[in-house]
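Novice: Curious how this folds, go ahead:
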Amino acid sequence: MDASGGEPERPDSATEGSSAAPEPAPTPRVPVAERVRGAVDRARAAGPPPGPARPGFWRSPLRGPWLTGVFGLVLLVGVIVLFVTGLLSYAAYNPDLAARNDQTPDKGWLGFYLFTWPTSPYWLYRLTQGVHTVLGVVLVPVLLAKLWSVIPKLFEWPPIRSVGHALERLSLLLLVGGAGFTFVTGLLNIQLNYIFPGSFYVLHFYGAWVFIAAFVVHVAFRLPRAVRAVRAGRNFRPAPESEEAAGLVSPRPAPATISRRGAVAMVGAGSLALLAVTAGQSIGGWWRKTALLAPHGREPGTGPNGFQINKTAASSGIRASDIGPDWRLTVRGAGRQAVLTRQMLLAMPQREAALPIACVEGWSTPDQQWAGVRLTDLAALVGLGTDTPQVLVESVQRGGSFSSVVLAANQARDDRSLLAVRVNGADLSPDHGYPARVIIPAAPGVHNTKWVTRLTFGEPA
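Specialist: Just a heads-up that it's a prediction; the model follows:
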């Protein structure tokens, strides 16, 4: 009893007969890493589900670290060359020069390496793009063989073992998907089969960067193991469960029907066969007859104009009135303008240049003998001949890609850069750009604009 004579106060929780239940003790929080390890341990204990996740499902006696390592090292060299020549192909479009040249907006830092594309040697683009497309085709059997050799890894159990393993698996997913996407879009483009859900340039450019990023991560994880496996020799067969087996060796292999060396030779023969039926489209001339995989029916007859084109005048929407007697060439620059007929062009000093046409699809022609007016001479008509700036070239073509293009100053100033009116001693045919077309050394074919109607020197493009 307290001093007031009443009962002492007690906390509610201590009150006799209270119906309040005690609060449950808080559940201890389990760290994420520990929960992942627990899930992995449970998956291991349960074992893989029936099907391809079980090691015994894959019975080929050829699979193993040696075969995978050989294909991987070949792809390492080939993909590096493929990627570098692809970057050069993109630089050849001078994408930083003007939005008209750039089919890949918002490239950001991915364009860190870009430089002004040179005009010499004049066959430079023909070489780099030819190597890029032909090598891309030749590597297809190697890529497929490499994917076949590592199929068991795609189904390994448990799917994720650690954070590092998860990153490796993610890089593998991006690697396989990126490789498939990049190679397929490239092969379709070679065949002029534009069935993409957008611009080939955008899709191929970003797809290639995703692929190469995953490729670098994969190489960082796997290159040391691949080198060790190749050095160990093709007869080295580690135990199926060992680390050296890398999950590729079958615990109960089927009888062999071909040796590992024979498998490598078969893949190599496939690549050589593709080389034989592809390279001719880049070499040109007689060799084009051997290019069985190249698109045919693109050579408009015989004679001086009988060399390959991508688009005919009709397919580009060129009407007879666009290139008839009323055709005019407008030259602008430095606040001045000159308007020329074709006869006026023919009356100007005519220059000649032996140059090929090389396209992004990989095909190219031998050197053709072009004749016409130098771009520097046309720039001189508006007072810019001594220091010719960049030039915007516009065609009468209605719509479509590259109906206009901006040429860099070094391209406009080259003495071999012409507004051509004749080829191989004859007037240009409509399909080759009559009444006048641009021809530039070392430039992609789409920059050699046909059916030119306007040249604007030096002004914002």
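Novice: count of neighbours near residue 357?
Specialist: 25 (other Cβ atoms under 10 Å). Yep, even glycine has a C-beta here, placed from its N, CA and C like the rest.
Novice: and the gap between it and residue 194?
Specialist: 19 Å (Cβ to Cβ, to the nearest Å).
Novice: Hmm, residue 104 is touching residue 204, no?
Specialist: No: using Cβ atoms under 8 Å, residue 104 makes no contact with residue 204, being 9.0 Å away.
Novice: Mind checking which of those two has more residues around it?
Specialist: More crowded of residue 104 and residue 204, by other Cβ under 10 Å: residue 204, with 23 against 17.
Novice: Let me know the secondary structure of the closest residue to the more buried one other than its chain neighbours.
Specialist: Leaving aside its sequence neighbours, residue 204 sits nearest to residue 185 (Cβ to Cβ, 6 or more residues apart in numbering; 5.0 Å). Recorded secondary structure, residue 185: helix (DSSP: H, G, I helix; E, B strand; the rest coil).
Novice: quick one: contacts for residue 185?
Specialist: The neighbours of residue 185, taking Cβ atoms under 8 Å, 6 or more residues apart in numbering as the test, are 196, 200, 203, 204, 207.
Novice: quick one: which of the residues you listed is nearest residue 383?
Specialist: residue 200 (39.7 Å; Cβ to Cβ).
Novice: Would you map the helices across this structure?
Specialist: Listed in chain order, the helices of the chain (DSSP state H) span 32-46, 65-91, 124-138, 140-149, 151-154, 163-190, 200-232, 260-276, 280-283, 342-347, 375-380, 409-413.
Novice: These: which one's closest to residue 419?
Specialist: That would be, of those and by Cβ to Cβ, helix 375-380, which comes in at 6.2 Å.
Novice: For the closest one, what is the distance to the chain centroid?
Specialist: Its chain's C-alpha centre and that of helix 375-380 lie 36 Å apart, by Cα atoms, centre = their mean, to the nearest Å.
Novice: how much space between the closest residue to residue 289 other than its chain neighbours and residue 286?
Specialist: Counting by Cβ to Cβ, 6+ apart, residue 289 lies nearest to residue 280, which is 6.7 Å off, once chain neighbours are set aside. Separation of residue 280 from residue 286 (Cβ to Cβ): 8 Å.
Novice: neighbour count winner among these two?
Specialist: Set residue 280 next to residue 286 and count neighbours by other Cβ under 10 Å: residue 280 wins out with 21 against 9.
Novice: Does residue 92 touch residue 125 like I think?
Specialist: Yes: contact criterion Cβ under 8 Å: residue 92 and residue 125 qualify, at 5.2 Å.
Novice: Can you work out which residues contact both of the two?
Specialist: Common neighbours of residue 92 and residue 125 (Cβ under 8 Å, 6+ apart) are 117, 442, 443, 444.
Novice: How about the contacts made by the last one?
Specialist: If I follow you right, that is residue 444. By Cβ under 8 Å, 6+ apart, the neighbours of residue 444 are 89, 92, 93, 125, 129, 358, 359, 360.
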